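Peer 1: Sequence and predicted structure are below.
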Amino acid sequence: MKIPIGLKKSAAMVVLRHKEQFLLLKRANPPHPGKYLPVGGKLEPFEDPYSAAIRETKEETGLQLDYLSFCGILIESSPSQYNWQSSIYVADIDKIHPPFCSEGQLEWIPYHKVPQIPTPETDWQVYQYIMNQKPFVFNALYNEALNLVEMTEEIERVKVFSINGK
């Protein structure tokens, strides 16, 4: 079955954290090649987000997690094929040597250095809310060139990003 353009795809993402560091994936493949992201991916048919998060973490890191904390939702809408609804989880783990990953290279990044590395524009907001233990539902809107235009946190109805700075 082909998914119509514009229909949301479902994903689950896991922020792997050790104290104030994140184990992030520098992606080798689209979307976002060369950018750092949490591990995760698409839900399989009939799969729930939590199970997908556990499975994707195992596939991409070899880690078998027993527990994830749900943090929030990231909804991304564009007039192109890039339309996602992602469930975001966090897992506190021991600091390990970054394992091999066929999706790219895993690296430990200190929280305070995240703004200095290439990440999707939405992710810095996600990490801030996670570190402040605040639940979120982010609604991110993109233009045709897939540039972030606006991002609102829907629980508190707070605009956290606007291309106009308002």
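Peer 2: The structure has been received and is ready for your questions. Keep in mind the model is a prediction, meaning the values are calculated, not measured. Numbering: from 1, shown residues only.

Peer 1: how about the CA coordinates for the longest helix belonging to the chain, as PDB?
Peer 2: Taking DSSP state H as the criterion, the chain has its longest helix at helix 49-61. The C-alpha trace of helix 49-61 is given here as PDB (Å, rounded to 0.1, in the frame of the first residue of the first chain):
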ATOM      1  CA  PRO A  49       4.900   3.300  19.700                       C
ATOM      2  CA  TYR A  50       6.400   1.900  22.900                       C
ATOM      3  CA  SER A  51       7.100  -1.500  21.300                       C
ATOM      4  CA  ALA A  52       8.600   0.300  18.300                       C
ATOM      5  CA  ALA A  53      10.800   2.400  20.500                       C
ATOM      6  CA  ILE A  54      12.200  -0.700  22.200                       C
ATOM      7  CA  ARG A  55      12.600  -2.500  18.900                       C
ATOM      8  CA  GLU A  56      14.300   0.400  17.100                       C
ATOM      9  CA  THR A  57      16.700   0.900  20.000                       C
ATOM     10  CA  LYS A  58      17.700  -2.800  19.900                       C
ATOM     11  CA  GLU A  59      18.100  -2.700  16.100                       C
ATOM     12  CA  GLU A  60      20.200   0.500  16.100                       C
ATOM     13  CA  THR A  61      22.300   0.100  19.300                       C
END
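
Peer 1: Please identify the buried residues of it?
Peer 2: Neighbour-count burial for helix 49-61, counted by 16 or more other Cβ atoms under 10 Å, picks out Pro49, Ala52, Ala53, Ile54, Arg55, Glu56, Thr57, Glu60, Thr61. Every C-beta, even on glycine, is put in place using the N, C-alpha and C of the backbone.

Peer 1: what do you get for stretch 74-90?
Peer 2: Applying 16+ other Cβ under 10 Å to stretch 74-90 flags 74-78, 82-84, 86-90 as buried.
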